[in-house]
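Asks: missing the sequence, but the structure's below:
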């Protein structure tokens, strides 16, 4: 069983919810959200030392709509803030960590009263502890390209399911050498509290 599937099962066993049949009486595209994202790299960078660089993402996500409230709005731009701490699996006897903060800008588009698709970019300062001839350890930048899907799963006490695929490149803008960069593709899943704007 893959690591991503295990996290998916654990998340849904620990956080019970139900899909509500109630009508949505607010415009989802205008609402803030706050929650957790977890996930795993499904395409890893192969390091010169013969190991894959495999991060596990543990992210707090806070997302805020940027355009002024309108009841009839069908799309919106969002800014998101993401402090994170990410264990990195390299080999049984050699692991590492990453931590930092990302700021992202996302375009969100309603598919229905309960569904949104989105895409965007993000970046921010991070620290990595891995030792490799491919990338200097310490301070780096984490650049992200994001595609995702959000769905309301409870209307009375609004919760949303958040599914994402991300491409991430980490490097340090040649502040230190080596600086070849490390690339990963991630699948992320999360639950967020929707902060309704009536």
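Replies: Structure received. Just so it is clear, the model here is predicted, and its values are computed rather than measured.
Asks: Would you give the sheet partners of the longest strand along the chain, along with the direction of each?
Replies: Counting residues, the longest strand found in the chain (DSSP state E) is strand 94-112. On the basis of DSSP bridges, the sheet neighbours of strand 94-112 come out as strand 75-91 (antiparallel), strand 115-128 (antiparallel).
Asks: Include distance to residue 102, mean pLDDT and mean neighbour count when you put these into TSV, please.
Replies: The C-beta positions use only the backbone N, C-alpha and C, and glycine is treated the same way. Written out in TSV, the entries for those read as follows (distance: least, CB to CB, whole Å; pLDDT from 0 to 100; neighbours: other CB atoms under 10 Å):
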stretch	distance to residue 102	mean pLDDT	mean neighbour count
strand 75-91	4	95	17
strand 115-128	4	97	17
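Asks: As CSV, these with distance to residue 183 would be great.
Replies: As requested, the strands paired with strand 94-112 are exported to CSV (distance: least, CB to CB, whole Å):
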stretch, distance to residue 183
strand 75-91, 14
strand 115-128, 13
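Asks: what's the burial count for the residue lying closest to residue 159 once chain neighbours are set aside?
Replies: Leaving aside its sequence neighbours, residue 159 sits nearest to residue 153 (CB to CB, 6 or more residues apart in numbering; 5.4 Å). Applying other CB atoms under 10 Å, we find 16 residues neighbouring residue 153.
Asks: What ranges in the protein fall below the confidence cut-off?
Replies: Within the chain, the ranges that satisfy pLDDT under 70 run 1-22, 24-25, 92-93, 197-198.
Asks: Would you map the helices across it?
Replies: Along the chain, the segments classed as helices by DSSP state H run 3-14.
Asks: distance of the residue lying closest to residue 69 once chain neighbours are set aside from residue 174?
Replies: Distance criterion CB to CB, 6+ apart; nearest residue to residue 69, sequence neighbours excluded, is residue 30 at 5.0 Å. Residue 30 is 41 Å from residue 174, where distance means CB to CB, to the nearest Å.
Asks: Give me the more crowded residue out of those two.
Replies: Set side by side, residue 30 and residue 174 show unequal neighbour counts under other CB under 10 Å, the larger going to residue 30 at 17 against 9.
Asks: Could you pull up the residues touching residue 144?
Replies: Listed by CB atoms under 8 Å, 6 or more residues apart in numbering, the contact partners of residue 144 are 102, 104, 121, 122, 123, 166, 167, 168.
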